[in-house]
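Visitor: My questions concern the predicted model and sequence given below.
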Amino acid sequence: MPGVTHDDAPLLADLMPWSVAPPRLGRAWPAAPDPASLKARWDALLKAAGADRETLFEPTRSRTPYTAVGQLPGRSGGTEPLVRASGPCPEPVRVLMAPFDEQWLLPDNRLIDAARPELWRVADERQIFAVETGAAAGAGEPALLATSLPPFPRPGRIRPLYRRPGAREPNLAPGLPEYLAARLGHRPDPVDVLAWALAAARPGPDGLAVPLTADAGRWARGVEAGRRALWLMRRDGERPRLPGGRRPYVRAPLPARPLALRYDRDEETLHLDGGRISPVPAAAWDFTVGSVRVLEQWFTARTAEGEPGTLSALRPAAWPQTWTSELLELITVLALLGEVRAGGEAAAPEAGDAVTAADLRAAGVLPVPEAARRPASVLGLAEEGPGGQFTLI
């Protein structure tokens, strides 16, 4: 960043102070790329009895078929130990299981080692979760992702944009919106602050740095780039499309059970065994998070066969058409994000208009009060605890 060092820039951990560790499943089978497999796995678990049910469950120190826990906030899963469970399958919900990989999950607290209830309490149609990727400095990878879905990617922290349901109480440093309003000439919307962070965040020695600017024009350009990135990452509303002639299509039908993924850079073609998709821009194929190609990780999640005799082995017998549609959209999203990231670089603050951490300390915005780093009270929500009793939190 010209004229702005990471030592000068405020940290995302101070700008969005409340964060939660990513959830930890503890076993793979409660998540899958298709909901039908999850229902088949649940049915197989409940048909088993005694030691067979325990083996299928794959117990850990945190969860066994005998563990009694409360419901996930806002969900209707059972609360009796799974060893006695006989109810219907919890309705699968969409989650972000890995970067850009939307899958389905059985939202049952008994199945998840560390579900992070505080995330589920604030998850609704207006929430946006910022997900740190743990990208290394200079890696050329996105340091921050955003999603409307409950996020599971590791290893970075998750920072909800709002501390309460209904888009109430933005998770921003107290006084930050007012300070930015005085410097920019207008009060930025919380989504604008997140959009700027998506465009500007860079790994630094002390964490994720977010250089800020007091230049209204530069701010507007960065927010515009970040808002487009936000739209692409959330994939809500109108479907993203590449320009005519650059849109990927299936050129040769995909096999029923593709086993290998290969990219031909000269022909811009993605091969799934004998199936072919093109054109696939190199920017989409080369897009990595955590030094892992997103397209390869997405494909592996849909073709890896679980160990025989386990619940993870229950999966579609053939490649569903919906996966092909999702793959075409993912290619489009990754290609367009490459262009957006270049726009974010162009909005980087200059030394003369940078808002530094020292500026925020002088204004009293930093240091952040400890209360802002803790979850907000949600005492108005009744949650069912183990065995069906209600808990007050």
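Guide: It's in.
Visitor: switch to C-alpha atoms for all contacts and neighbour counts from now on
Guide: OK.
Visitor: contacting residues for the residue nearest to residue 49 when sequence neighbours are not counted?
Guide: Excluding the flanking residues, the one nearest residue 49 by CA to CA, 6 or more residues apart in numbering is residue 83, at 7.8 Å. By CA atoms under 8 Å, 6 or more residues apart in numbering, the contact list for residue 83 reads 49, 50, 53, 54, 65, 66.
Visitor: do residue 262 as well
Guide: 270, 271, 272, 273.
Visitor: Then residue 230?
Guide: 146, 147, 195, 198.
Visitor: mind checking how far the residue nearest to residue 49 is from residue 50?
Guide: 7 Å (CA to CA, to the nearest Å).
Visitor: ditto for residue 9
Guide: Counting by CA to CA - residue 9 and residue 50 are separated by 57 Å.
Visitor: swap in residue 340?
Guide: 54 Å.
Visitor: These two: which is more packed in?
Guide: residue 340 (20 against 10; other CA atoms under 10 Å).
Visitor: how near is the more buried one to residue 12?
Guide: 20 Å.
Visitor: Equivalent analysis for residue 70, please.
Guide: 32 Å.
Visitor: Any idea how far the helix or strand harbouring residue 228 is from the middle of the chain?
Guide: Take DSSP states H and E as the rule and residue 228 turns out to sit in helix 216-234. Helix 216-234 sits 18 Å away from the centroid of its parent chain (CA atoms, centre = their mean, to the nearest Å).
Visitor: all helices of the protein, in order?
Guide: 12-15, 35-47, 50-57, 117-121, 176-184, 190-200, 216-234, 282-285, 294-303, 321-346, 357-362 (DSSP state H).
Visitor: Would you mind saying which of the ones you listed lies nearest residue 151?
Guide: Smallest distance to residue 151 across the helices of the chain (CA to CA): 8.9 Å, for helix 117-121.
Visitor: So what touches that closest one?
Guide: Counting by CA under 8 Å, 6+ apart, 20, 72, 73, 74, 150, 160, 164, 165, 375, 378 sit against helix 117-121.
Visitor: tell me the pLDDT at the spatially closest residue to residue 92 that is not a sequence neighbour?
Guide: Nearest residue to residue 92 in three dimensions, chain neighbours excluded: residue 106, at 4.8 Å (CA to CA, 6+ apart). Note for residue 106: predicted pLDDT of 97.
Visitor: Could I get the contacting residues of residue 106?
Guide: 30, 31, 38, 90, 91, 92, 93.
Visitor: out of those residues, who has the most neighbours?
Guide: That'd be residue 38 among those, by other CA under 10 Å, with 26 neighbours.
Visitor: That one is in contact with residue 45, isn't it?
Guide: No: using CA atoms under 8 Å, residue 38 is not in contact with residue 45, being 10.5 Å away.
Visitor: Report the contact partners of residue 179.
Guide: 363, 365.
Visitor: begin at 780 from here
Guide: Got it, first residue is 780 now, which makes that one residue 958.
Visitor: And the pLDDT for it?
Guide: Residue 958 is given a pLDDT of 98.
Visitor: Count the neighbours of residue 1096 for me.
Guide: Residue 1096: 8 neighbours (other CA under 10 Å).
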